[in-house]
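Student: what's the 3D shape of this:
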Amino acid sequence: MKTRLFLIVACLSCVIGCHAKGGEDGASVSFVHADVRDLFSDSDRSQPDTSIFSKSRVIFFETAERALLGNIGKVFVFEDRIAVYDDRSWKICVFDTVGRFLFSIDRKGRGPGEYIKIRDCCFDYDRRQFVVYSDVPSKFMRFDYNGKFIGEVLTDELFFQFAIAKDRLICMDLRAQNGDDFLVELPNDDRSLHKKKVLDLPLIDIGSFYPPGALIQTSTKPYFARRFANTIYQYDEGAVVPRYWIDFGKYNLPESLQKGGRLSDQEFDEQVRDRNYVTGLANIKESSGKLYFSVNNRGFCVLDTRTNEVKAFPTILDTQTQIPCNGMLPTQDIGNKYIAFLPSVNQASLKIYVEHVAKGAAPWFKEKIERMKEDDNPILFLYEVR
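Tutor: Got it, this is the predicted structure:
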């Protein structure tokens, strides 16, 4: 199977003037403009969720001894349950659809099926298995739908994030010189981990910033973005194809910085962060002819793949609860129809916010918030795309 990077020229009709442009890797990709003024303004304006999504629900996760959540890093949605990966305590907690705790995958140790920490995890919807990658020690482990350990494969390689593409694992290779710019393909099985290179891009590494969430994620197919660049790539049958180059106007990271050396933390703040340059796309998900993705940690965009129109939103307002949300999470589900968000209001301030600001919130929500404790598990907003 060919594993080289295929170059494409995308000639798509676009009402906003789409045209071909050379990407960071020299390939020709579809060039689309994004109006991101609202992302970098000081405005508190939020977009009503009903203008973007068709349905929403709020999940109050049960707070239990084996299900204490530190930070939700990924969400997996099923017909009868919701699983969340806690990237602070390195465990997977599984709940039913209303948030009652079912079980967890939390196996700290050095034996079979155990780990010191989890680097990343995915769910294989075809096999109905959790695939967990630990970098200490480096191995892929498999657990069934109910959390039972199935098997593992140890490897001398070191990976960062990965996605599942049917019978393959697409991994970001941490031992390559260019780290997150180097993708490899592994068999999706428990017998061997012989790797093949599928993407090798010139190094762009100007700082330690990583956009929150997943740089690589599977929806209809695996989508990938690299740090400090604006190209969205798609993995398709052994090749990584550049699909879109997003133009953020004056917020594009200057080429002189992209090709320069690594900056100190102070230099990065002064030359990049303080000027609101776009430094990372993440959590890319395709559904119903649209691409959803987050930008830095400022908000998210929706790209209509039929018109190439890009709309940017700093926050969305959950209309039934009157709570603003901007923490877009990597979300997997078999129908590619859900996207999860965290509230913009921190847990400790929710009661005060609902009492004094979100006065129009639904009564049932007010009652639940009133009963919450500050150390209860975080709440999750789950939206269904149109």
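
Student: Off-centre distance for stretch 135-155?
Tutor: Computed by C-alpha atoms, centre = their mean, to the nearest Å, the chain-centroid distance of stretch 135-155 equals 22 Å.

Student: Over to stretch 320-340?
Tutor: Distance, stretch centre to chain centre, for stretch 320-340: 11 Å (C-alpha atoms, centre = their mean).

Student: gap between the two ends of that stretch?
Tutor: Taking C-alpha to C-alpha, to the nearest Å, stretch 320-340 runs 16 Å from one end to the other.

Student: Looking at it now, give me its mean pLDDT.
Tutor: The pLDDT scores in stretch 320-340 average 95.

Student: Same question for stretch 207-215.
Tutor: Here the average pLDDT along stretch 207-215 is 89.

Student: which SSE is the residue nearest to Arg142 when sequence neighbours are not counted in?
Tutor: Nearest-residue entry for Arg142: Ile150, 4.2 Å, with adjacent residues in sequence omitted and distances by C-beta to C-beta, 6 or more residues apart in numbering. For every residue, glycine as well, the C-beta is placed using N, CA and C. Element membership for Ile150 (DSSP states H and E) is strand 149-154.

Student: Gly73 too?
Tutor: strand 72-77.

Student: Can you tell me which helices and strands that strand packs against?
Tutor: Judged by 3 or more C-beta pairs under 8 Å, 6 or more residues apart in numbering; DSSP states H and E, the packing partners of strand 72-77 are strand 81-86, strand 323-329, strand 331-333, strand 338-343, strand 379-385.

Student: what angle separates that strand from strand 379-385?
Tutor: Taking axes from the mean of the first three to the mean of the last three C-alpha atoms, to 10 degrees, one finds strand 72-77 and strand 379-385 inclined to each other by 50 degrees.

Student: mind listing what's buried in stretch 45-61?
Tutor: The neighbour-count check on stretch 45-61 (16 or more other C-beta atoms under 10 Å) flags 46-47, 49, 52-53, 56, 58-61 as buried.

Student: related to what we said a few turns ago, need the contact list for the residue nearest to Arg142.
Tutor: 129, 142-144, 190 (C-beta atoms under 8 Å, 6 or more residues apart in numbering).

Student: now those in JSON lines, with neighbour count?
Tutor: Shown next, in JSON lines, are the contacts of Ile150 (neighbours: other C-beta atoms under 10 Å):
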{"residue": "Gln129", "neighbour count": "21"}
{"residue": "Arg142", "neighbour count": "20"}
{"residue": "Phe143", "neighbour count": "21"}
{"residue": "Asp144", "neighbour count": "12"}
{"residue": "Asp190", "neighbour count": "15"}
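
Student: Mind checking which of those residues are in strands?
Tutor: Among these, the members falling in strands (DSSP state E) are 129, 142-144.

Student: Go through these and name the one nearest Lys166.
Tutor: The shortest approach to Lys166 among the ones in strands among the contacts of Ile150 belongs to Gln129, at 13.3 Å (C-beta to C-beta).

Student: list the contacts for the closest residue in space to Pro330 that isn't next to it in sequence?
Tutor: Nearest residue to Pro330 in three dimensions, chain neighbours excluded: Ala214, at 3.8 Å (C-beta to C-beta, 6+ apart). Taking C-beta under 8 Å, 6+ apart, we find Ala214 in contact with 74, 161, 163, 282-283, 330.

Student: Which of the residues you listed has the largest number of neighbours?
Tutor: Among the contacts of Ala214, Pro330 has the most neighbours (other C-beta atoms under 10 Å), with 29 neighbours.

Student: pretty sure it contacts Pro211?
Tutor: No - using C-beta atoms under 8 Å, Pro330 makes no contact with Pro211, being 10.9 Å away.

Student: Determine the residues that are contacts of both of the two.
Tutor: Ala282.

Student: now the strand holding Gly73, how far from the centre of its chain.
Tutor: 9 Å.

Student: neighbouring contacts of that strand?
Tutor: Residues outside strand 72-77 that contact it (C-beta under 8 Å, 6+ apart): 82-88, 121, 123, 213-214, 329-333, 338, 340, 342, 378, 380, 382.

Student: Can you tell me how far Met172 is from Asn377?
Tutor: 29 Å (C-beta to C-beta, to the nearest Å).

Student: Could you do Arg227 as well?
Tutor: Look at Arg227 and Asn377: by C-beta to C-beta, they are 30 Å apart.

Student: Show me the shaky parts of the stretch 1-150 of the chain.
Tutor: Along the stretch 1-150 of the chain, the model assigns pLDDT under 70 to residues 1-28, 42-44.

Student: Please, where are all the strands along it?
Tutor: Here the stretch 1-150 of the chain has its strands, by DSSP state E, counting those that start in this stretch, at 19-22, 28-35, 47-48, 53-60, 72-77, 81-86, 91-96, 101-105, 117-124, 129-136, 138-144, 149-154.

Student: I'd like to know which of the ones you listed is closest to Phe365.
Tutor: Among the strands of the stretch 1-150 of the chain, strand 53-60 sits nearest to Phe365 (C-beta to C-beta), with 6.7 Å.
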